[in-house]
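K.L.:
Got a predicted model here, sequence first, then my questions.
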Number of protein chains: 2
Amino acid sequence: MKRIMECVPNFSEGRDPDRIERIEKPLRDADDVLVLDSAPDEDHNRLVVTMIGKPEALKSAMLKAMEAAIAEINMEEHSGGHPRMGAVDVVPFTPVRNVEMEECVQAANELASRAAEKLDLPIYLYEEAATSSERENLAHIRKGEYEGFEEKIKKPEWEPDYGPQRLHETAGATVIGARMPLVAFNVNLDTKEVEIAKEIARKVRHSGGGLRFCKAIGLSLEDKDMVQVSMNMTDYTQTSLYQSFEMIKFEAERYGVEIAGSELIGLLPAQALFDVADYYLGLDDFSPGQIMENRLLEEL
Amino acid sequence: MKRIMECVPNFSEGRDPDRIERIEKPLRDADDVLVLDSAPDEDHNRLVVTMIGKPEALKSAMLKAMEAAIAEINMEEHSGGHPRMGAVDVVPFTPVRNVEMEECVQAANELASRAAEKLDLPIYLYEEAATSSERENLAHIRKGEYEGFEEKIKKPEWEPDYGPQRLHETAGATVIGARMPLVAFNVNLDTKEVEIAKEIARKVRHSGGGLRFCKAIGLSLEDKDMVQVSMNMTDYTQTSLYQSFEMIKFEAERYGVEIAGSELIGLLPAQALFDVADYYLGLDDFSPGQIMENRLLEEL
């Protein structure tokens, strides 16, 4: 599988195992699609599925799963702790291997177009696929949620990118888009003073004048007598993990604090760690084609 | 492809493209086998093929390639710069992913047994598959080469592990075995004094009291005005690349010399670099299952 895309749909059903199974079935049955994780949340009443696969196969499987979700979920009866505006709430496509962001934007448009027509569903495009800067931010689009959207969608500035300018009777509306994969990377500091973690987080993150593709907060780890800089690396191809790690290290030095360890949460593309090894070993001319498994992935 | 083995057969034909093609055909045609590299050498008159695949598929393809090579190569007419004792000279199996060394030893024995019977070929087992400590070393087995083996094989201590106690008329004898994959890793030092590289190489390698699975020599890089510690990491699962890198760094410090960079030559398993990233980031509880591509390889 030379070209790999990721898709992480969020469905508004996190409680009923039978419904969840029927929603996921088209994803699990699809050729050239692999479901890596299925995370239903009862409190949120929401299901997050992580899958990777060939771009075309992901799109086709996703359309079927949207159809299944719309048959299973009635937003008129839905409640849960997480903001949501539709039965199929959010569908981001992300590039993993040999895929450009532009192709993820195209995948988002194609799925939106097909789904709007087939399912009579209003659809907004977000992040890299957004058609205007006001639509880049998911929270901004979703503001008002399902209950508020009946009115919101009538406003000219909230005309959907695809589909009718009214909510689907039972499925609400959907947001589809394209973004880079997030790498969740936490660095623990050998101190109990949470202010130090917060100050370092401010320094390392983009909003504080730090790294372009890094979001960070500082927090206490009560069970460990330590504090943590908890980060979302929003584009590991441009801001590598070693950059935030080394930056935290040199910021921590002024407090006489050392790094106690770090952790990667969830899934990440192999290249994110190859880049780290490449930096620390000072490799000249390293090529991903030197990795045996990469060669195999190109062929399979 | 959950379980991956590597096989790197050496054939005694490095000049005739048609013959080489016919020898390689069974390897290239096999399902679940991927030829990563084919390196014919005219001076050596020798062909080194690097391939990975499912263990059973590798063995079957290899048996067919041995048959083809024996049909193509007449050792009575063979000359070349590299030591050799047979048409199919050496066949090592190495573990890459989710495969134990014991299974490579078993693969070596199975191939040796089948080939000896089918091709009427005397076969020796070496390295991890060796049946005695005298047979671990390939150079020791091969000493005397094809020309000397007609007499050598008659000695009781050189009775083959499989097959008849006489050379094959045209194909000589073959050595089959199991070993860890070699990772060729070079570290460049910012000095012109080759003695420093030689001294550090002595310190870092196993034979000099250094790392258990590290072979190293020091040499000059004439074109770069630098010197190099050139290493073969003989078991990256037990002696990681970062260990030799850090060891070279602290040995170089006493000479006031800095590391100028490093390079990886040829192919290596992904895990060898994940281990490097794991060390430098001080990762807690990192699991290879967190790598998206690893999950995909398990399924394909």
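P.N.:
Looks like it came in fine.
K.L.:
can you map out the helices along chain A?
P.N.:
For chain A, the helices defined by DSSP state H occupy A:17-29, A:55-72, A:101-119, A:138-142, A:145-152, A:194-204, A:241-253, A:270-281, A:292-299.
K.L.:
Dump those into JSON lines; add distance to A:L221 and mean neighbour count as well.
P.N.:
C-betas here are computed from N, CA, C, even on glycine. Formatted as JSON lines, the helices of chain A follow (distance: least, CB to CB, whole Å; neighbours: other CB atoms under 10 Å in any protein chain shown):
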{"stretch": "helix A:17-29", "distance to A:L221": "32", "mean neighbour count": "16"}
{"stretch": "helix A:55-72", "distance to A:L221": "36", "mean neighbour count": "21"}
{"stretch": "helix A:101-119", "distance to A:L221": "35", "mean neighbour count": "19"}
{"stretch": "helix A:138-142", "distance to A:L221": "27", "mean neighbour count": "17"}
{"stretch": "helix A:145-152", "distance to A:L221": "33", "mean neighbour count": "16"}
{"stretch": "helix A:194-204", "distance to A:L221": "9", "mean neighbour count": "20"}
{"stretch": "helix A:241-253", "distance to A:L221": "15", "mean neighbour count": "19"}
{"stretch": "helix A:270-281", "distance to A:L221": "23", "mean neighbour count": "22"}
{"stretch": "helix A:292-299", "distance to A:L221": "34", "mean neighbour count": "20"}
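K.L.:
who does A:T94 bridge with?
P.N.:
Taking DSSP bridges as the rule, A:T94 bridges to A:E6.
K.L.:
check contacts around it.
P.N.:
Counting by CB atoms under 8 Å, 6 or more residues apart in numbering or on different chains, A:T94 makes contact with A:5-8, A:104, A:178-181.
K.L.:
According to the record, where do the domains of chain A fall?
P.N.:
A:4-178, A:183-299 (automatic domain parsing).
K.L.:
I'd like those written out as JSON lines, with distance to B:R19 added.
P.N.:
As requested, these are exported to JSON lines (distance: least, CB to CB, whole Å):
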{"stretch": "domain A:4-178", "distance to B:R19": "35"}
{"stretch": "domain A:183-299", "distance to B:R19": "25"}
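K.L.:
Show me the one of those that comes nearest B:Q165.
P.N.:
domain A:183-299 (37.8 Å; CB to CB).
K.L.:
That closest one near chain B at all?
P.N.:
Yes. Applying CB under 8 Å from any CB of the partner chain, one finds that domain A:183-299 is in contact with chain B at A:188, A:241-242, A:245, A:259-264, A:266-270, A:273-274, A:276-278, A:280-286, A:290-297, A:299.
K.L.:
do stretch A:31-40 as well
P.N.:
Yes. Legend: contact between stretch A:31-40 and chain B by CB under 8 Å from any CB is shown at A:34, A:36.
K.L.:
Send me the worst-scoring helix or strand of chain A on mean pLDDT as PDB with only the CA atoms.
P.N.:
None of the helices or strands of chain A scores lower by mean pLDDT, DSSP states H and E than helix A:292-299, at a mean of 89. The C-alpha trace of helix A:292-299 is given here as PDB (Å, rounded to 0.1, in the frame of the first residue of the first chain):
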ATOM      1  CA  MET A 292      12.900  -2.500   4.900                       C
ATOM      2  CA  GLU A 293       9.300  -2.100   6.000                       C
ATOM      3  CA  ASN A 294       8.900   1.000   3.900                       C
ATOM      4  CA  ARG A 295       9.900  -0.900   0.800                       C
ATOM      5  CA  LEU A 296       7.400  -3.600   1.700                       C
ATOM      6  CA  LEU A 297       4.600  -1.000   2.200                       C
ATOM      7  CA  GLU A 298       5.400   0.500  -1.200                       C
ATOM      8  CA  GLU A 299       4.700  -2.900  -2.800                       C
END
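K.L.:
Now find how far off-centre it is within its chain.
P.N.:
25 Å (CA atoms, centre = their mean, to the nearest Å).
K.L.:
Next, the angle helix B:270-281 makes with it.
P.N.:
If you take axes from the mean of the first three to the mean of the last three CA atoms, to 10 degrees, helix A:292-299 sits at 130 degrees to helix B:270-281.
K.L.:
quick one: A:D89 and A:T174 touch, right?
P.N.:
Yes. Using CB atoms under 8 Å, A:D89 is in contact with A:T174, at 6.9 Å.
K.L.:
so how far is A:A201 from the residue lying farthest from the centre of chain A?
P.N.:
No residue in chain A sits farther from the centre than A:G256, which is 35.4 Å out by CA atoms, centre = their mean. For A:G256, the distance to A:A201 equals 18 Å [CB to CB, to the nearest Å].
K.L.:
now for stretch A:261-281, what's the gap between its first and last residues?
P.N.:
Length of stretch A:261-281, first residue to last, CA to CA, to the nearest Å: 19 Å.
K.L.:
Just send the contacts of A:T94 back as JSON lines, with pLDDT too.
P.N.:
Formatted as JSON lines, the contacts of A:T94 follow (pLDDT from 0 to 100):
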{"residue": "A:M5", "pLDDT": "96"}
{"residue": "A:E6", "pLDDT": "96"}
{"residue": "A:C7", "pLDDT": "97"}
{"residue": "A:V8", "pLDDT": "96"}
{"residue": "A:C104", "pLDDT": "98"}
{"residue": "A:A178", "pLDDT": "98"}
{"residue": "A:R179", "pLDDT": "96"}
{"residue": "A:M180", "pLDDT": "95"}
{"residue": "A:P181", "pLDDT": "93"}
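K.L.:
Those residues: which two are farthest apart?
P.N.:
Distances among the contacts of A:T94 were taken as CB to CB; the most separated pair is A:C7 and A:M180, at 13.5 Å.
K.L.:
Those two: which has the busier surroundings?
P.N.:
Neighbours per residue (other CB atoms under 10 Å in any protein chain shown) separate A:C7 from A:M180, with A:C7 holding more: 26 against 21.
K.L.:
The more buried one and A:M51 touch, don't they?
P.N.:
Yes. The criterion here is CB under 8 Å, and A:C7 meets it with A:M51 at 5.5 Å.
K.L.:
any common contacting residues for the two?
P.N.:
Common neighbours of A:C7 and A:M51 (CB under 8 Å, 6+ apart) are A:L58.
K.L.:
returning to that earlier point: how near is the residue farthest from the centre of chain A to chain B?
P.N.:
18 Å (CB to the nearest CB, to the nearest Å).
K.L.:
before we move on, what about A:M85?
P.N.:
28 Å.
K.L.:
Next: A:R135.
P.N.:
28 Å.
K.L.:
Tell me who's in contact with that residue.
P.N.:
By CB under 8 Å, 6+ apart, A:R135 lies in contact with A:124-126, A:141, A:161.
K.L.:
Kindly report the same for A:M62.
P.N.:
A:M62 touches A:7, A:9, A:27, A:91, A:111, counting by CB under 8 Å, 6+ apart.
K.L.:
switch to 10 Å and redo it
P.N.:
A:7, A:9, A:26-27, A:30, A:33, A:49, A:51, A:53, A:88, A:91, A:93, A:107, A:111, A:114-115, A:176 (CB atoms under 10 Å, 6 or more residues apart in numbering or on different chains).
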